[in-house]
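Asker: sequence unknown, structure follows:
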């Protein structure tokens, strides 16, 4: 098998792309194995193409769950031939991509640092586990990541919400956001400038955002963060990196010395299995996919799988708690038309404000959430007729007039909250079902506890009150509208925790450097290593942890320790 | 004529529509919401487009094509045009839906192989058939042959929210709203109609402009009025 490579990196998204970047910058030879196809945002992203160019006006379908022009290639909630299962009584949805850069191509770009509290949750309220590192340990790595990928954001001083010293300015508020800000202020809730991995000023050879088209399409001018536009090009430029696509890693191969000697992968096109060796293995296939690889690597000597002496691989699965409320605000009717596209996110968001209330025992749930705001004057698509639902005339000349009057008067606000790990939420290998490559698939177990259900109810109640203060009517998000008050597990696409880091090998899979406790040359740099989920979108923290962990790996490789 | 979709089966159109709408509205920002349950209307006697295939999970975004064949009859297309033009009649500056391809889009929609579209197929096609049969029952002519006033009367009835417990009226109302969603969505998502509804984006800007003095004044007036 040989050791031509210093490291094999499995996956090319946030975690794997960063590992490849750091390793190659250090002069090491890296093979990235990517399960999906090659992908170039510069040539495959039709930035300004309109709904009318796409089938069904580009609306969502099972083939493209986020719309025709969404960047995700070869993926979605269901991938033909690559199923997953859910245990009886559980529901879980798993969004995957099969392309270079993985889910960094379509992600929401919200970039919030975890704060000091987020790393020490158990010390604060006795729940979950503490991380084996503190905010101060990770802060310099956040600094580096933000300088490299480019973020916008404000410098507001917010409890447990550290800002980025290198942040470029967030664009100014939209008119509708000026009103929303006052609605929240009425309740004593401050808003802040959105923090996102979107350039508002040029950075290196990358252009600034031109305030049009959705980031979820990918960005051909490289104004937002995607692994294929930001991490992989400099890594490839070193001449030390090979990105091998269509390579589905099935297991880690162990040597007799207790070290990983390589991996087995399956060529997606031929179905044939191959092996390749390296001095070190970095798994960054996504939280759940990495857990699957480790569990599937079991042998007679390692019946629990590789790096699973703790039994924690696949456990502690978490996703963000999601809810949303939609309100119609008459005060926003009749606003003069303006180009309000902006950065395709709200220009403001609402950080969690309830730490003091929680400390004083005034809330019936332990962890926080934040609100993200959807811009109100989005490009008309197939949903535009929803405005007709509250027009006084169902059709005819009056409908035209009223639609124009009401367009832009809907506000959509979503909450993203912290989930605690629980015993009943995990993934494991399905004992029966295999995918088209003959590999066991994951079976998911999912349960929200009162911690999440009460938090979601609080989020929706808060939003209904805001809509009320704005003189509006709640269209979605009422108690009695028949819908579930909380997202399905996995639906927010923030899965973390399945190979968590910790202070001891008994309760965790890896140490604070993402290094397996038992297999010293095996590192994990995806979201699986999270010890807690926070309510903050995970990508920025995956990047910071990946850089820190991979820098440690570089040291170990260079010193000959592994 | 087969009008099974217009029987008295329970049909919860409102919730489904709400969720479908939320699904597409929030997709832009990666917010996902509960999926829509698949239930309600069957094929209504209309053969489903069973052999058609979707565009798959990795279509060519630079050169989009619609891979499924369209299936509506000339009569169904004609009825769609008349109905869409009644929903959004042309003005001096805005074209009629039938003049900008909306009937063809309805065809594309109801011929698509996805579950939501197949369900809409039953609702929409049987609704169109019902318009003709009801006009025939009342006035002895097809929907397009009766007078403008008679058409207006029928559409007014169909577009009126039904009384509680009137299942047949609820389904007819469901048809109207679904057809309106498809035709109005298709109409305003055409670039030529963006300005008509007040959308002036999708243009590259050097900087994002803060609200103008006039916009700020409007918002401040709203703030004052709401006591914020």
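Answerer: Nice, thanks for sending it over. Here the structure is a predicted model, which is why all the values come from computation and not from measurement. Numbers count the residues shown, from 1 in each chain, chains lettered A, B, ... in the order given.

Asker: can you count the residues close to residue 194?
Answerer: Answering for chain A, as no chain was given. 26 (other Cβ atoms under 10 Å in any protein chain shown). Where you see a C-beta, it was placed from the backbone N, CA and C, and this is true even at glycine.

Asker: if you could check chain B rather than the one you did, that'd help
Answerer: By other Cβ under 10 Å, 18 other residues sit near residue B:194.

Asker: residue contacts, it?
Answerer: A:379-380, B:188, B:200, B:202 (Cβ atoms under 8 Å, 6 or more residues apart in numbering or on different chains).

Asker: try it again with 6 Å
Answerer: If you count contacts by Cβ atoms under 6 Å, 6 or more residues apart in numbering or on different chains, residue B:194 has none.

Asker: next one, pLDDT for it please.
Answerer: You'll see residue B:194 listed with a pLDDT of 97.

Asker: same check on residue B:20?
Answerer: 45.

Asker: which residue ranges of chain B form helices?
Answerer: B:13-27, B:74-87, B:102-111, B:115-139, B:148-158, B:167-188, B:194-197, B:213-226 (DSSP state H).

Asker: neighbouring contacts of the strand ranked longest in chain A?
Answerer: Longest strand of chain A, by residue count under DSSP state E: strand A:273-283. For strand A:273-283, the external contacting residues (Cβ under 6 Å, 6+ apart) are A:1-3, A:5-10, A:19, A:252, A:260-262, A:264-266, A:290, A:521-525, A:553.

Asker: which of these fall within strands?
Answerer: Within the contacts of strand A:273-283, residues falling in strands by DSSP E are A:5-10, A:252, A:260-262, A:264-266, A:522-524.

Asker: would you confirm that residue A:68 contacts residue A:53?
Answerer: No. Residue A:68 lies out of contact with residue A:53 (Cβ atoms under 6 Å); the separation is 8.9 Å.

Asker: which one's more surrounded, these two?
Answerer: residue A:68 (22 against 17).

Asker: how near is the more buried one to residue A:172?
Answerer: 31 Å (Cβ to Cβ, to the nearest Å).

Asker: do residue A:240 as well
Answerer: On the measure of Cβ to Cβ, residue A:240 and residue A:172 end up 43 Å apart.

Asker: where in chain A is pLDDT low?
Answerer: Scanning chain A for pLDDT under 70 picks out A:1-3, A:480-483.

Asker: would you map the helices across the stretch 301-450 of chain A?
Answerer: Ranges of helices in the stretch 301-450 of chain A, per DSSP state H, counting those that start in this stretch, are A:355-359, A:397-406, A:450-469.

Asker: OK, contacts around residue A:202?
Answerer: residue A:208.

Asker: from residue A:396, how far out is it?
Answerer: Residue A:202 is 50 Å from residue A:396, by Cβ to Cβ.

Asker: correct me, but residue A:260 touches residue A:519?
Answerer: Yes. Using Cβ under 6 Å, residue A:260 is in contact with residue A:519, at 5.3 Å.

Asker: who has more neighbours out of these two?
Answerer: Set residue A:260 next to residue A:519 and count neighbours by other Cβ under 10 Å: residue A:260 wins out with 27 against 24.

Asker: next up, the contacts around that one.
Answerer: Residue A:260 touches A:252, A:281, A:519, A:521-522, counting by Cβ under 6 Å, 6+ apart.

Asker: go on, residue B:135?
Answerer: Residue B:135 sits next to B:142-143, B:146 when contact means Cβ under 6 Å, 6+ apart.

Asker: now residue B:222
Answerer: A:179, A:331.

Asker: state the number of residues packed around residue A:27.
Answerer: 11.

Asker: for it, give its distance to residue A:560.
Answerer: 15 Å.

Asker: residue B:86 and chain A, how far apart?
Answerer: Distance, residue B:86 to chain A, by Cβ to the nearest Cβ, to the nearest Å: 6 Å.

Asker: in contact with the residue sitting furthest away from the middle of chain A, which residues are there?
Answerer: Going by Cα atoms, centre = their mean, the residue of chain A most distant from its centre is residue A:397, 44.6 Å out. By Cβ under 6 Å, 6+ apart, the contact list for residue A:397 reads residue B:89.

Asker: cool, and residue A:331?
Answerer: A:471, B:222 are the contacts of residue A:331 under Cβ under 6 Å, 6+ apart.

Asker: output the lowest mean pLDDT helix or strand found in chain B.
Answerer: helix B:13-27 (a mean of 42; mean pLDDT, DSSP states H and E).

Asker: can I get the helices of the stretch 301-450 of chain A in TSV with distance to residue A:444?
Answerer: Shown next, in TSV, are those (distance: least, Cβ to Cβ, whole Å):
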stretch	distance to residue A:444
helix A:355-359	30
helix A:397-406	41
helix A:450-469	16
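
Asker: and the ones you listed, which is most packed in?
Answerer: helix A:450-469 (a mean of 20; mean count of other Cβ atoms under 10 Å in any protein chain shown).

Asker: so what touches that one?
Answerer: Outside helix A:450-469, the residues that touch it by Cβ under 6 Å, 6+ apart are A:183, A:186, A:321, A:323, A:325, A:327, A:364-366, A:369, A:413, A:415, A:417, A:419-420, A:474, A:477, A:485-486.

Asker: list the buried residues for the very next helix or strand once past it?
Answerer: Sequence-wise, the next helix or strand downstream of helix A:450-469 (DSSP states H and E) is strand A:473-476. Within strand A:473-476, the residues that count as buried by 16 or more other Cβ atoms under 10 Å in any protein chain shown are A:474-476.

Asker: what's around whichever residue of the stretch 451-562 of chain A sits closest to chain B, how many residues?
Answerer: Nearest residue of the stretch 451-562 of chain A to chain B, counting by Cβ to the nearest Cβ: residue A:491, 4.5 Å away. Neighbourhood size, residue A:491 [other Cβ under 10 Å]: 22.

Asker: test my guess that it contacts residue A:95.
Answerer: No. Assessed by Cβ under 6 Å, residue A:491 is found out of contact with residue A:95, at 8.1 Å.

Asker: burial measure for residue 113, as a count.
Answerer: Going with chain A. Residue A:113, neighbours per other Cβ under 10 Å, totals 25.

Asker: chain B was what I was after
Answerer: Neighbourhood size, residue B:113 [other Cβ under 10 Å]: 20.

Asker: next, work out how far apart it and chain A are.
Answerer: 9 Å.

Asker: that residue reaches residue B:56, doesn't it?
Answerer: No. Here residue B:113 does not reach residue B:56: they are 11.1 Å apart, not a contact under Cβ under 6 Å.

Asker: out of everything not next to it in sequence, what's closest to residue A:339?
Answerer: Spatial nearest neighbour of residue A:339, chain neighbours left out: residue B:201 (4.6 Å); criterion: Cβ to Cβ, 6 or more residues apart in numbering or on different chains.

Asker: doesn't residue A:337 make contact with the one you found?
Answerer: No. Judged on Cβ under 6 Å, residue B:201 makes no contact with residue A:337 at a distance of 9.2 Å.

Asker: for the residue nearest to residue A:403 when sequence neighbours are not counted, give me its contacts.
Answerer: Excluding the flanking residues, the one nearest residue A:403 by Cβ to Cβ, 6+ apart is residue A:387, at 5.3 Å. Residues near residue A:387 by Cβ under 6 Å, 6+ apart: A:403, A:406-407.

Asker: which of the contacts of helix A:450-469 are close to chain B?
Answerer: residue A:186 (Cβ under 6 Å from any Cβ of the partner chain).

Asker: buried ones among the contacts of helix A:450-469?
Answerer: By neighbour count, with 16+ other Cβ under 10 Å, these hold A:183, A:186, A:321, A:323, A:325, A:327, A:365-366, A:369, A:413, A:415, A:417, A:419-420, A:474, A:477, A:485-486 as buried.
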